[in-house]
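Q: Make a model of this:
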Amino acid sequence: TWDTLKRTTTERAEDQAYLDDLNALRASKTADFKSRQKLRSEELEAIGKAIDIISNSDVAGAAAKHLPSLLQNRAMLSQIRGSAKNPAQERAAAFLAECARRGGSRVLALAAQQAAVDPFGKVKKLIRDLIWKLTEEGTAETEHKGWCDTELTTNKQKKKKKKKKKKKKKHKKK
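A: Below is the predicted model:
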């Protein structure tokens, strides 16, 4: 019984140490989670403010005003890549960078970097992809129309030949 008591006491001490480690790990993970949640809420707030800056009346409507002429003139698209940045874009990028620096957020730093470099990169890529897709669809439709025209012509010719054969058979029977 002395051995049993000693073994049970040792197992209890090991179990208690394991429980203490689990509680410490849980506390650490809880603190990390709360810290990340706070950081995410600050990021969302910063992004919201950046959206407000971009949505400002000084900037609003700029796409409707300028985009049609940009799409019509490819030369202007190259100017977008090399031209000076929009002041609202610069303010938004600076604001995001400052929030990233204060909060130590890599996500906000990346967002600030992308906003500073090319905020419409995804939009441009989507437009290029759409143009490519429409071109492919147009090519496919043209090929299909050509096939249809060929089939119609072939069918007309076959009908004419069959009609001629029927007429010849009718004439021969008479």
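Q: Show me which helix or strand of the protein is least confident by mean pLDDT.
A: helix 74-82 (a mean of 45; mean pLDDT, DSSP states H and E).
Q: So which other helices or strands are in contact with the host helix or strand of residue 23?
A: Counting by DSSP states H and E, the element that carries residue 23 is helix 2-54. For helix 2-54, the elements it packs on are helix 87-103, helix 106-117, judged by 3 or more CB pairs under 8 Å, 6 or more residues apart in numbering; DSSP states H and E. Backbone N, C-alpha and C define where each C-beta goes, glycine included.
Q: now stretch 154-169: how far from the chain's centre is it?
A: Taking CA atoms, centre = their mean, to the nearest Å, one finds stretch 154-169 lying 58 Å from the centre of the chain it belongs to.
Q: Kindly report the same for stretch 127-138.
A: The answer for stretch 127-138 is 17 Å, by CA atoms, centre = their mean.
Q: Stretch 20-28 too?
A: Per CA atoms, centre = their mean, the centroid offset for stretch 20-28 relative to its chain is 39 Å.
Q: CA atoms only: put that stretch into CSV for me.
A: What follows is stretch 20-28, C-alpha atoms only, in CSV (Å, rounded to 0.1, in the frame of the first residue of the first chain):
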residue,chain,number,x,y,z
ASP,A,20,-0.9,23.8,-14.8
ASP,A,21,0.8,23.7,-18.2
LEU,A,22,-2.6,23.4,-20.0
ASN,A,23,-3.9,26.4,-17.9
ALA,A,24,-0.9,28.4,-18.7
LEU,A,25,-1.2,27.6,-22.4
ARG,A,26,-4.9,28.4,-22.4
ALA,A,27,-4.2,31.8,-20.7
SER,A,28,-1.5,32.5,-23.3
